[in-house]
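**Student:** model this:
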Amino acid sequence: MNICISIGHGKSAKGGYDSGALGGNYQEFKIAREIGKYIGEAFKGYACTADVINYDATLYLTDRIAHVNKHGYDLAMEIHINASGGTGSEVYYKHKSATGKKLAGAISKSIANTFGIRDRGAKVKINPANGTDYFGFVRSCKCESLLIETVFIDTASDRKHVETAAGQKQCAEAIVKAIADFYGIKKKASISTNKPTTDKPGGGKPTTVKAGDTVKITGSKYATGQKIQMWVKLKKHTVKSVNGEKALLKEITSWVYTADLAVLQSSAKTVAVGSKVKIMPGATYGGLAAARGSIVPNTQLTRTHTVGKIKVNGGVQEALLTDIASWVAVEYLEVVG
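**Tutor:** Coordinates of the predicted model:
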């Protein structure tokens, strides 16, 4: 079974950043993309394929729909965080799909039971003018498609469940379990920890990497054997930890054999005051201002910046880039020159 996990919002119709709903200094897109990432990770343990799209806010709604229809998925879901002061989980489905209704109900119930919140259930929303489904993602994706409203971002008692990585993982696992149970998707057999042969991931000579190194993926499969998507290979990643011949990459929370990695920047070259740096894709603005959490635009990624200060903001080590008077997390900076 082929599944697509789309992250709602991120890119606006005019090409700018779309945060989605707001609540308690949190942004819908920022939370939704982490839940989506963890859904993709959880599905790696099942006998199916699952792709996560729009994690880096590069696809507008019509682009996301086009991607789904081009790749012929069996199921597509878009992850959202609800708003308008309610409470609970709800899932929208194609109004003519009996299967969609049952699946939507199962997912909503699973999320609600996980967090002990109201189960608002399977929902439809119709355009009164023409009787079609209101939400473009649900309406225009050719496969079975859902829009999942996990919790309410502007209700503190709801939002607290997904403010942390642990809660986001719980939400993701609840969604994955409901889908796996509904379709009868089996878990994969345990992956062998033996040294891989040359026809498996990591078949080449191990690369020397260490925590903090910036790397690119050169192989085609994760250590689990699942295929690595092209958009993942095009990005730079940070090594979070190393275990034998495998490295855990921080941004995607996935293990890859070190033989399938190329070191771009050693952690020995640290960011310091006065460093000349470039901003890596996926970075967001930091600091304590309203712009915190907004995606750094591509126009700033090609420029060289100067670090003026380094300090911890909101629990994250960040650097003040003097030429743009903006804070960016140190982990997203690459020292140049």
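**Student:** Just say helix, strand or coil for G274.
**Tutor:** coil (DSSP: H, G, I helix; E, B strand; the rest coil).
**Student:** Tell me which residues touch it, please.
**Tutor:** T306, V307 (C-beta atoms under 8 Å, 6 or more residues apart in numbering). C-betas here are computed from N, CA, C, even on glycine.
**Student:** Report pLDDT for it.
**Tutor:** Predicted confidence (pLDDT) for G274: 91.
**Student:** what do you get for E245?
**Tutor:** 84.
**Student:** how is the protein carved up into domains?
**Tutor:** Listed domain ranges for the chain are 2-183, 214-265, 276-335 (source: automatic domain parsing).
**Student:** Over to I65: give its phi and psi.
**Tutor:** The phi/psi pair for I65 (degrees, to the nearest 10) reads phi -60, psi -40.
**Student:** and it, how many residues sit next to it?
**Tutor:** By the measure other C-beta atoms under 10 Å, the count of residues near I65 is 22.
**Student:** Can you report phi and psi for the residue lying closest to it once chain neighbours are set aside?
**Tutor:** Among residues not flanking I65 along the chain, S140 sits closest, at 4.7 Å (C-beta to C-beta, 6 or more residues apart in numbering). The phi/psi pair for S140 (degrees, to the nearest 10) reads phi -100, psi -20.
**Student:** Count the neighbours of S140 for me.
**Tutor:** Neighbourhood size, S140 [other C-beta under 10 Å]: 17.
**Student:** In JSON lines: the domains of the chain, plus distance to A189.
**Tutor:** Below are these laid out as JSON lines (distance: least, C-beta to C-beta, whole Å):
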{"stretch": "domain 2-183", "distance to A189": "9"}
{"stretch": "domain 214-265", "distance to A189": "11"}
{"stretch": "domain 276-335", "distance to A189": "33"}
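**Student:** Could you single out the most deeply buried of those?
**Tutor:** Each of the domains of the chain was scored by mean neighbour count; the highest is domain 2-183, a mean of 19, by mean count of other C-beta atoms under 10 Å.
**Student:** Quick check: end-to-end length of that domain?
**Tutor:** 12 Å (C-alpha to C-alpha, to the nearest Å).
**Student:** just stretch 263-283 next, same as before
**Tutor:** 20 Å.
**Student:** mind listing the helices for this protein?
**Tutor:** For the chain, helices defined by DSSP state H occupy the ranges 28-43, 61-71, 98-115, 136-140, 156-159, 165-183, 230-233, 298-301.
**Student:** related to what we said a few turns ago, what's the closest of the domains of the chain to T207?
**Tutor:** If you check each of those against T207 by C-beta to C-beta, domain 214-265 wins as the nearest, at 4.5 Å.
**Student:** Off-centre distance for the closest one?
**Tutor:** Its chain's C-alpha centre and that of domain 214-265 lie 16 Å apart, by C-alpha atoms, centre = their mean, to the nearest Å.
**Student:** mind checking pLDDT for the nearest residue to K160 once chain neighbours are set aside?
**Tutor:** Nearest residue to K160, sequence neighbours excluded (C-beta to C-beta, 6+ apart): G167, at 7.6 Å. If you check G167, the pLDDT there is 95.
**Student:** quick one: G167 and H161 touch, right?
**Tutor:** Yes. Judged on C-beta atoms under 8 Å, G167 makes contact with H161 at a distance of 4.8 Å.
**Student:** List the residues that are in contact with both of those two.
**Tutor:** Common neighbours of G167 and H161 (criterion: C-beta under 8 Å, 6+ apart): F115.
**Student:** Okay, the residue nearest to I65 and K235: tell me how far apart.
**Tutor:** Separation of S140 from K235 (C-beta to C-beta, to the nearest Å): 28 Å.
**Student:** Roughly how far does the residue of the chain positioned farthest from its centre sit from K216?
**Tutor:** Computed with C-alpha atoms, centre = their mean, the residue of the chain farthest from its C-alpha average is A129, at 34.8 Å. Distance, A129 to K216, using C-beta to C-beta: 49 Å.
**Student:** One more: Y92?
**Tutor:** In terms of C-beta to C-beta, Y92 sits 38 Å off from K216.
**Student:** And for D56?
**Tutor:** 15 Å.
**Student:** Low-confidence stretches in the stretch 201-337 of the chain?
**Tutor:** Low-confidence segments of the stretch 201-337 of the chain, defined by pLDDT under 70: 201-205, 265-269, 282, 289-291, 314-315, 337.
**Student:** try 90
**Tutor:** 201-255, 257-272, 277-302, 311-318, 327-337 (pLDDT under 90).
**Student:** now swap in the stretch 51-200 of the chain and tell me
**Tutor:** 56-58, 72, 85, 188-200.
**Student:** rerun that using 70 as the cut-off
**Tutor:** Scanning the stretch 51-200 of the chain with the threshold set as pLDDT under 70 gives 190-200.
**Student:** Redo the helices of the chain as CSV? Include distance to S326.
**Tutor:** Below are the helices of the chain laid out as CSV (distance: least, C-beta to C-beta, whole Å):
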stretch, distance to S326
helix 28-43, 17
helix 61-71, 27
helix 98-115, 35
helix 136-140, 32
helix 156-159, 26
helix 165-183, 25
helix 230-233, 25
helix 298-301, 8
